[in-house]
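A.B. asks: Predicted model and sequence below, questions to follow.
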Amino acid sequence: LEVKECVNLIVDRLKVNRKLTMERFCGDEELYLNCIRMFVNEKNCDTLDRYMKSGDYKAAFKVAHSIKGVVGNLGFSELYAVSCKFVDTLRGEPKLDEAKVLYEDFKQSYAQMLTAVEELNK
Amino acid sequence: MMDMIEEKKKILVVDDDSVNREILERILIDDYEVLKACNGAEALDILRTNNDVEVILLDIIMPVMDGNEFLKVYSKDTSISNIPVIVITHCEGTEVELEALTNGAMEFVTKPYEPVVIKHRIEHIISLKDNATFIHNLERDSLTGVYNRDAFYLHAKEFIVNSPFPVDIVVTDIDDFKLVNDMFTEKMGDRMLKKWCSILSHTYPMSGGIIGRLTGDIFAIVMPRVEVYKEEYFNSAISELNGCLTALSLNIHFGIYQVEGEDIPVSVMCDRAIIAIRSIKEGYKKCFAFYDAELREQLWKEQIIISEMKEAMLEGQFKVYLQPKCELVSQKIVGAEALVRWIHPIKGMMSPAEFIPVFEKNGFITDLDEYVWEQTCVIIRRWLDKGITVVPVSVNVSRVDIYNTRLVDILCGLVEKYNLSYDMLHLEITETAYTENPKQLIDTVVKLRACGFTIEMDDFGAGYSSLIMLAKVPVDTLKLDMGFIRELTVDNSIKSGNILNFVVELAKWLDLAVIAEGVETKEQLEFLKSLSCRYGQGYYFSKPVPVDVFERLMTDKNISPYLPAEELQQVGQLKLHEIWVPDSHFNIVFNDYLGALGIVESVEGKFKLVRANNYCFELLNGKEENELYTANNLYDYISKEDLPAFIEDVRKASNETNSFSNIYKWNINGKQVDIMCRGKVIGRSEGNSRVLFIIDVTNASEIADAVSKRG
């Protein structure tokens, strides 16, 4: 796939505000795609999952916070919105019930994102 | 847009996520050089190796060391705490962000990034910082980083006005700091100043104060008053600096001005602290001084003296007084010393001690000296015109005069102008001048002597007297300091008597005439006579008197010619000066010889012991060395019946035979002992008024006993 097509795909699937996001990357579409791949390869989501399962919510908060920041920058609006809500439940004294529910939403949204990104490699 | 040639400013991006770092780098890379760190600890490392980071972009929530932990360390480290921090956050106003503000963050930007906003904030912060730096640089001393003089005055004033406590201004000054630059390098000097400044900064304004560099090596501190200042309070800082130096030890003084009210400028306060320093600079004893009432009064007096001196000179208020120099035996006048007196129209006669030190400080002494020289020449001229027999008059040549390249011309000019002969004017050069710049002094003295002036070394024994120097510096006369003589009356000290004796003898060996100064009592006179000191000056004879009074003293029968020292001529092989060189061959043999040896001078009807080896001391009663020299006429030891023969033997040897050898009865420790005494002439003056012997003394009675026991 061409760079342009890839960006189109991401923008379309992940509801990215193209103008704002590409401004952030100074119009550098290649860099944008690279950053997406870097983000996926960091596998922060696996780390987050480990902390959630072991109940280390403090650590989980930091990772989730970091993910939130990146997806925000990448312009993944749906995933970003879910991330924000989820991170808030872990801030300070974690609201566990709420967090667990939102974590499921987050995982689902994250999986959708992964699927879209995987399509880029086809 | 940034000029391509100009180096890009550095921005440090601190974020745990590599994607965020990449994005920020992309946003900033066109305008800035981007350094990246993935946590607080790494950021600190980078900051400590790159000293030119302009702005820090900091994520707050990070593993390892988060943003707030970083800020806490950062705000305490003065080497980096002036770099502005922009915190990157998701939304403003949370506790974490508030904490960041209190820890020193200056700005916020939010995630997701808005490039325009980020760039704008960075630019804004840099311009703010540049302005601050500009002001900072205007106020700072570029070498040490503390306030420069003007800024110190400004901030010290604020400090004084706002301080709820009494405040002191402390100024420090390093002695002869120029020498450090001179002896080493300026770089070394700069390093030392920096070190000193940092010692001062962490030692003194601890309780909140301000430090500034006024100029060169002078620093000022304004700080809350210390109730009692002690030497240790300053000495610790001084020793800390000297601890860093191996090759030299610096002397540092502190002056303290205690601020009372705020109505005088800080610059004046600092000047006063510096004045306090000057009051102790001469001595090595005190390292700090206050600007106090006493000092103020002293300065006030000095100011009055300075303001009046020129007029006093024009109006002839400075008068030359003359103090006679006398021959001790006949007490006749052989010369005079010209001394200046200030006859003030209101205060009356002022003591030279009041104004001479002031003139020495401000340089007026040169004018005054020249004035006295000329007045003295006028006096001698008048004596010549009136047909009065002229005695030589000595004038003082101050230390600073020595540095005057025209000195020789001025003095010769005066002698020519008044048509005097050069031997009528003697020049007194104070002994301390000899230690300061010996080379220049020796050169000058050699020139003056070549012109025909007689040079008198003044105050000998007052300062760092060096006997060795006596041999090096060409002088004609030694003026022994009053201190030597005063001590004699205070404790009747044998020791000072001996030193005096030694110096008088040494002077004779070096062909120097000796004038004892400060002779006040009959006892002193008698003692000096017993040492064969020829001349004296002091209140015993006369105080300094106006010229007309002196002229009345100078009747024909009351004056006597001033005779320079008689030179001793060597007789035989022994080089006379070797006697006074401790490790000369002569002294090695003399001291180790297995028998009693002595050096004796036959002079003025006495047979004076000037040196003796240990055996000689033992033989002549085993008493302390001191007493032997003090009562040193060997004629006193010889029994009445044998004395005329002994004297005759010495006389014959002195004038004809050059040696004598005989057995005489001596009284030693109340016993009569047969002494075999042999003497050989080693030096004599013209006309034989002084003849020097080496003698060998043997107890003949002991030998006779030993022989008879052997049978």
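C.D. replies: That came through, no problem. Numbering: from 1, shown residues only, chains lettered A, B, ... in the order given.
A.B. asks: Show me what from chain A comes close to chain B.
C.D. replies: A:23-26, A:28, A:31, A:34-35, A:38-39, A:42, A:59, A:61-62, A:65-66, A:68-70, A:72-75, A:80, A:84 (Cβ under 8 Å from any Cβ of the partner chain). Every residue, glycine included, has its C-beta placed from N, CA and C.
A.B. asks: redo that, cut-off 7 Å
C.D. replies: A:23-26, A:28, A:31, A:35, A:38-39, A:62, A:65-66, A:69-70, A:72-73 (Cβ under 7 Å from any Cβ of the partner chain).
A.B. asks: Can you tell me which of the residues you listed end up in helices?
C.D. replies: A:23-24, A:31, A:35, A:38-39, A:62, A:65-66, A:69-70, A:72-73 (DSSP state H).
A.B. asks: wait, B:K665 sits on B:C677?
C.D. replies: No: contact criterion Cβ atoms under 7 Å: B:K665 and B:C677 do not qualify, at 11.0 Å.
A.B. asks: Tell me which of the two has more neighbours.
C.D. replies: The neighbour count for B:K665 versus B:C677, taken as other Cβ atoms under 10 Å in any protein chain shown, is higher for B:C677 (25 against 18).
A.B. asks: quick revisit: just the buried ones from the residues of chain A next to chain B, in PyMOL syntax?
C.D. replies: Applying 16 or more other Cβ atoms under 10 Å in any protein chain shown to the residues of chain A next to chain B leaves a buried subset, and the PyMOL line that selects it is:
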select buried, chain A and resi 23+24+25+35+39+62+65+66+69+70+72+73
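A.B. asks: show me the contacts for residue 52.
C.D. replies: I went with chain A, as the question did not name one. By Cβ atoms under 7 Å, 6 or more residues apart in numbering or on different chains, the contact list for A:M52 reads A:A60, A:Y103.
A.B. asks: My question was about chain B, not that one.
C.D. replies: When contacts are counted by Cβ under 7 Å, 6+ apart, B:D52 touches B:K10.
A.B. asks: Only the buried residues of stretch B:667-683, if you could.
C.D. replies: B:V673, B:D674, B:I675, B:C677, B:G679, B:K680, B:V681, B:I682, B:G683.
A.B. asks: Give the pairing partners of the helix or strand hosting the last one; include direction for each.
C.D. replies: This means B:G683. For B:G683, the element it lies in under DSSP states H and E is strand B:671-685. The strands beside strand B:671-685 in its sheet (DSSP bridges) come out as strand B:568-570 (antiparallel), strand B:659-668 (antiparallel), strand B:690-699 (antiparallel).
A.B. asks: what sits against B:I221?
C.D. replies: By Cβ under 7 Å, 6+ apart, B:I221 lies in contact with B:V170, B:L200, B:Y204, B:P205, B:G209, B:I211.
A.B. asks: What values do phi and psi take at it?
C.D. replies: As for B:I221, its main-chain torsions (degrees, to the nearest 10) stand at phi -130, psi 130.
A.B. asks: beta partners for it?
C.D. replies: On the basis of DSSP bridges, B:I221 is bridged to B:V170, B:I211.
A.B. asks: now swap in B:K606 and tell me
C.D. replies: B:V603.
A.B. asks: re earlier: just the closest of the residues of chain A next to chain B to B:K187, please.
C.D. replies: Nearest to B:K187 among the residues of chain A next to chain B is A:C26, at 47.4 Å by Cβ to Cβ.
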